[in-house]
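**Q** Test case, fold it:
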Amino acid sequence: MEPLVRLIQAMGPIAVALTFLLSVIASAHVVLYKRDSRAAVGWVGLIWLAPVAGSVLYALLGINRIRRQAVTQRTARLGTAGGTALPPATPRPELLPPEVQHLHPLAELVDRISARRIKSGNAVTPLVNGDEAYPQMLAAIEEAQLTVALSTYIFDNDQVGRQFQEALQRAVERGVEVRVLIDTVGARYSWPPIWRSLRQREVPVALFGRTLWPWRMPYLNLRNHRKLLVADGRVGFTGGMNIRQGHVLQSQPRHPVADLHFRLQGPVVAQLMRTFADDWLFTTGELLDDITWYPPLDEAGSVVARGLNDGPDEDFEKARFVFLGALACAQKSVRIVTPYFIPDQGLISALDVTALRGVKVEILLPEASNLALVQWASTAQLWQVLARGCRVYFTPPPFDHSKLMVVDDGWALFGSSNWDARSLRLNFEFGVECYDAALAAQLNALIEQKLARAREVTSAELNGRSLPVKLRDGIARLAAPYL
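**A** I've put the predicted structure just below:
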């Protein structure tokens, strides 16, 4: 016993020195890498007030491994095979329609933050719910002669999912090169998962982010939330719609979900295909680069468009920058439709400044969310935009999963990104920006239909919530960075 006491006494100064060194290293990391000064002060205080425990908590919770892990994984898998980024090239003003010439700075911004050239000569068709989208998507698969690339977050094993499964199987049987990519978490929304029967039918399918160890696949991290379908490299589909029965409202599903999807033709389709090919290469190591996947594309319409990748890798926060740029360039109106609205303080300030400049800002949210915690956190933040002149509307059931932004009746952004931290920092997302007054008019008409059934939210309504409800919503807001 006595030797042990002497050992502990001898180790005392060493333990103190190691604890001090650990706190210094952790504090230095906070100072160097935390962008938010308030968060940095909080972490440094915890590190020194709770020696060792504070450093351990910071190592576990404070270091942004999301982005680092994504970059490391993609670099290891892709190397240089994914291609190098194009240097910035200012879009020619003459590419933009006359009615949106004032948005040329926005086109310059997106050009600088993305590796994609803006493309003219595209046709973009909005598709409302699975009732309109699924028949056209299935027809594209059935008519494909060379290739089919399909990426989705959720691919349910239900009536709709089996229709896609059968169409994909028939495509394989007639000699079409088919590739299907499903997110590992999204694949678990139904049981048994459909990817197993796809493999049994010899449809090439891969799971994004798959691992045998559950603790290596946290739900929050690195999900592929993109929805892409490209047939023969000539016709593409993207938007917010997964593959599941709930989107077919005419079938009166148990859990109906309204949504928007889009059919694209023209040069921008190659950008959808490139995004899928990069994700497929990252997941499987197979490079899709021959002409069957990338045929020459003729002009198909009048829309000027560009695909936009967003994710916790080299595409970090690109969608957020586009949101900010669009708000800064808006002169007349901004319309936002999103199922999940938990913007960070920077986006809230940008919305407020836009409204204070005299721009009409309208935000459409579902009255009843499919995620209660998200709705509580969202409600707790709404006063911040209402107080500065933004107008918020709740749309009645069914739950509206649409993701859309329209600016000045001439620019639109659609895709898979929500206005929350998960989409803007944690997930891999895809969107398309479009410059075209006719398309914007179509989308505004859809928004008007939603507004006709919606009710406006007022500050008085928010202030009238009971104290327990306010506390519940406020506590949920504390988790906003992770929702």
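**Q** buried residues in stretch 116-124?
**A** 116, 118-124 (16 or more other C-beta atoms under 10 Å). Backbone N, C-alpha and C define where each C-beta goes, glycine included.
**Q** Also stretch 440-458?
**A** Under 16+ other C-beta under 10 Å, the buried positions of stretch 440-458 are 440, 442-444, 446-447, 450-451, 454, 457.
**Q** same check, this time on stretch 257-276
**A** 257-276.
**Q** what's the answer for stretch 385-392, then?
**A** In terms of neighbour count (16+ other C-beta under 10 Å), stretch 385-392 has its buried residues at 385-386, 388-392.
**Q** got it, and stretch 348-359?
**A** Within stretch 348-359, the residues scored as buried using 16+ other C-beta under 10 Å are 348-352, 354-355, 359.
**Q** export it as PDB, just CAs?
**A** This file holds the C-alpha atoms of stretch 348-359, laid out as PDB (Å, rounded to 0.1, in the frame of the first residue of the first chain):
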ATOM      1  CA  ILE A 348     -32.300  35.300 -40.400                       C
ATOM      2  CA  SER A 349     -30.400  38.600 -40.600                       C
ATOM      3  CA  ALA A 350     -30.300  38.400 -44.400                       C
ATOM      4  CA  LEU A 351     -34.100  37.800 -44.500                       C
ATOM      5  CA  ASP A 352     -34.700  40.700 -42.200                       C
ATOM      6  CA  VAL A 353     -32.500  43.100 -44.100                       C
ATOM      7  CA  THR A 354     -34.200  42.100 -47.400                       C
ATOM      8  CA  ALA A 355     -37.600  42.800 -45.900                       C
ATOM      9  CA  LEU A 356     -36.400  46.100 -44.400                       C
ATOM     10  CA  ARG A 357     -35.200  47.200 -47.900                       C
ATOM     11  CA  GLY A 358     -38.800  47.000 -49.000                       C
ATOM     12  CA  VAL A 359     -38.600  43.600 -50.700                       C
END
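**Q** ranges for the strands of the stretch 51-200 of the chain?
**A** With strands called from DSSP state E, counting those that start in this stretch, the stretch 51-200 of the chain shows them at 119-128, 147-152, 177-183.
**Q** So which other helices or strands are in contact with the last one?
**A** Secondary-structure packing of strand 177-183 (3 or more C-beta pairs under 8 Å, 6 or more residues apart in numbering; DSSP states H and E): strand 147-152, helix 159-173, helix 194-200, strand 205-208, helix 269-284.
**Q** Residue 248 is nearest to which of these?
**A** Closest to residue 248 of these, according to C-beta to C-beta: helix 159-173, at 6.2 Å.
**Q** Off-centre distance for the closest one?
**A** Centre-to-centre, helix 159-173 and its host chain are 26 Å apart (C-alpha atoms, centre = their mean, to the nearest Å).
**Q** try stretch 116-123
**A** Here the centre of stretch 116-123 is set off from its chain's centre by 21 Å, with C-alpha atoms, centre = their mean.
**Q** Offset the numbering so it begins at 845, please.
**A** Done: numbering now begins at 845, and the last item shifts to stretch 960-967.
**Q** Just the C-alpha atoms of it, please, in CSV.
**A** What follows is stretch 960-967 as a C-alpha-only set of coordinates in CSV (Å, rounded to 0.1, in the frame of the first residue of the first chain):
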residue,chain,number,x,y,z
ARG,A,960,-20.3,24.6,-63.0
ARG,A,961,-20.8,26.8,-66.0
ILE,A,962,-24.3,28.3,-66.4
LYS,A,963,-26.1,26.7,-69.4
SER,A,964,-28.7,28.2,-71.8
GLY,A,965,-31.2,26.3,-73.9
ASN,A,966,-32.9,24.1,-71.2
ALA,A,967,-36.5,23.0,-70.7
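**Q** Quick one: residues in contact with that stretch.
**A** With contact meaning C-beta atoms under 8 Å, 6 or more residues apart in numbering, stretch 960-967 is reached by 930, 933, 935, 939, 951, 954-955, 1107-1113, 1115, 1142-1153, 1278.
**Q** Next: stretch 1004-1012.
**A** For stretch 1004-1012, contacts defined as C-beta under 8 Å, 6+ apart pick out 974, 978, 981-982, 985-986, 992, 994, 999, 1022, 1024, 1034, 1038, 1041-1042, 1045, 1047, 1087-1089, 1091-1092.
**Q** Redo the helices and strands packed on strand 1021-1027 as TSV? Include distance to residue 1178 and mean pLDDT.
**A** Output for the helices and strands packed on strand 1021-1027, formatted as TSV (distance: least, C-beta to C-beta, whole Å; pLDDT from 0 to 100):
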stretch	distance to residue 1178	mean pLDDT
strand 991-996	29	96
helix 1003-1017	34	95
helix 1038-1044	39	90
strand 1049-1052	33	92
helix 1113-1128	25	93
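**Q** just the ones you listed: most buried one?
**A** strand 991-996 (a mean of 25; mean count of other C-beta atoms under 10 Å).
**Q** ok, and the helix or strand in this structure with the lowest average confidence?
**A** Ranked by mean pLDDT, DSSP states H and E, the weakest helix or strand in the chain is helix 909-922, scoring a mean of 50.
**Q** Need the phi and psi values for the residue nearest the centre of the chain.
**A** Geometric centre of the chain, nearest residue: residue 1261, 3.0 Å, by C-alpha atoms, centre = their mean. Taking degrees, to the nearest 10, you get phi -80, psi 140 for the backbone angles of residue 1261.
**Q** Touching, it and residue 1273? I think so.
**A** Yes. The criterion here is C-beta atoms under 8 Å, and residue 1261 meets it with residue 1273 at 4.4 Å.
**Q** what residues do these two have in common as contacts?
**A** 1069, 1154, 1163, 1267.
**Q** wait, isn't the first one in contact with residue 1270?
**A** What that stands for is residue 1069. No. Residue 1069 is beyond contact range of residue 1270, at 9.0 Å (criterion: C-beta under 8 Å).
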